[in-house]
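**Q** Let me see the structure of the following:
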Amino acid sequence: AELNTNEKITQLLVSAYPSCNNLLIAEMITDNMDDNGRGYSSPVICEDLYKFEDTSEEGNDTPYYIWNGYYGSVATCNQAIEAIEAMGSPESLRGDLAEAKLIRAYSMFMMATTFCMAWNPEKADEYLGLPYPLVPEQDINSTYERGTLRELYAAIDKDIEEALPYIAEAAANYAVPKYHFNVKAAYAFAC
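**A** Prediction:
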């Protein structure tokens, strides 16, 4: 599809929201879990996650699925941002640009909380972050720098700060705005 109209960009952003989540991984590493031995069975993925072991599983709720899901969301946002900029960043698309940046920031935040060390301001320059793509991938063999955790969170914060003043305009574009970032949801995420 060619992203050459406001409507097409707005429709693309509907698919930018991630369809994956990290709930299983997060639950498996909490104190809500116990190893009850072999008397009880559980899926292989649950055992792997519980033991912090690599898994060969690739279905729903796996690290592979989550990684691809959130980065797919980022890629869609980058496509929308590039299209908006190619159209000269018209005022009529400020809300869409804000929504794209918020979705990208949210997806990267979820990636950070899943695959990086927890935020620690004293160690943020030592801990590895994740690549934060800002443009659509042009080459399948592209390589990315991970940077530090501080750099990752700075990029997330930058997207949020740039988006917040215009998010109300994004919500106005939709017939059912409750399924998109609105002002309250955007500020709750920003917190």
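
**Q** okay, CA-based contacts and neighbour counts for the rest of this
**A** OK.

**Q** Tell me the helix or strand right after the helix ranked longest in the chain.
**A** Using DSSP state H, we find that the single longest helix of the chain is helix 63-86. Downstream of helix 63-86, the first helix or strand assigned by DSSP states H and E is helix 94-115.

**Q** Quick one: residues in contact with the helix or strand that comes right after that following helix.
**A** Using DSSP H and E, the helix or strand that directly follows helix 94-115 along the chain is helix 149-163. Contact with helix 149-163 is made by 97-99, 101-102, 104-106, 108-109, 112, 116-117, 119, 121, 124-132, 190, as judged by C-alpha atoms under 8 Å, 6 or more residues apart in numbering.

**Q** Let me see the confidence value for the nearest residue to residue 59 once chain neighbours are set aside.
**A** Spatial nearest neighbour of residue 59, excluding adjacent residues (C-alpha to C-alpha, 6 or more residues apart in numbering): residue 65 at 6.2 Å. With respect to pLDDT, residue 65 scores 93.

**Q** how much space is there between residue 65 and residue 90?
**A** Distance, residue 65 to residue 90, by C-alpha to C-alpha, to the nearest Å: 35 Å.

**Q** Between the two, which is the more surrounded one?
**A** Neighbours per residue (other C-alpha atoms under 10 Å) separate residue 65 from residue 90, with residue 65 holding more: 16 against 12.

**Q** mind checking the SS state of the residue lying closest to residue 103 once chain neighbours are set aside?
**A** Excluding its sequence neighbours, the residue lying closest to residue 103 (C-alpha to C-alpha, 6+ apart) is residue 17, at 6.4 Å. Taken by DSSP: H, G, I helix; E, B strand; the rest coil, the conformation at residue 17 corresponds to coil.

**Q** Begin at 52 from now on, thanks
**A** Got it, the first residue is 52 from now on, which makes the last one we talked about residue 68.

**Q** Do I have it right that residue 68 meets residue 156?
**A** No. Assessed by C-alpha atoms under 8 Å, residue 68 is found out of contact with residue 156, at 11.1 Å.

**Q** From the structure, what's the count of residues near the residue nearest to residue 180 when sequence neighbours are not counted?
**A** Among residues not flanking residue 180 along the chain, residue 200 sits closest, at 3.9 Å (C-alpha to C-alpha, 6+ apart). Residue 200 is flanked by 24 other residues according to other C-alpha under 10 Å.

**Q** ok, now residue 128?
**A** 31.

**Q** So which residue is dead centre in the protein?
**A** Centroid-nearest residue in the chain: residue 158, 0.7 Å away (criterion: C-alpha atoms, centre = their mean).

**Q** Chain neighbours aside, what residue packs nearest to it?
**A** That would be residue 121: by C-alpha to C-alpha, 6+ apart, it lies 5.2 Å from residue 158.
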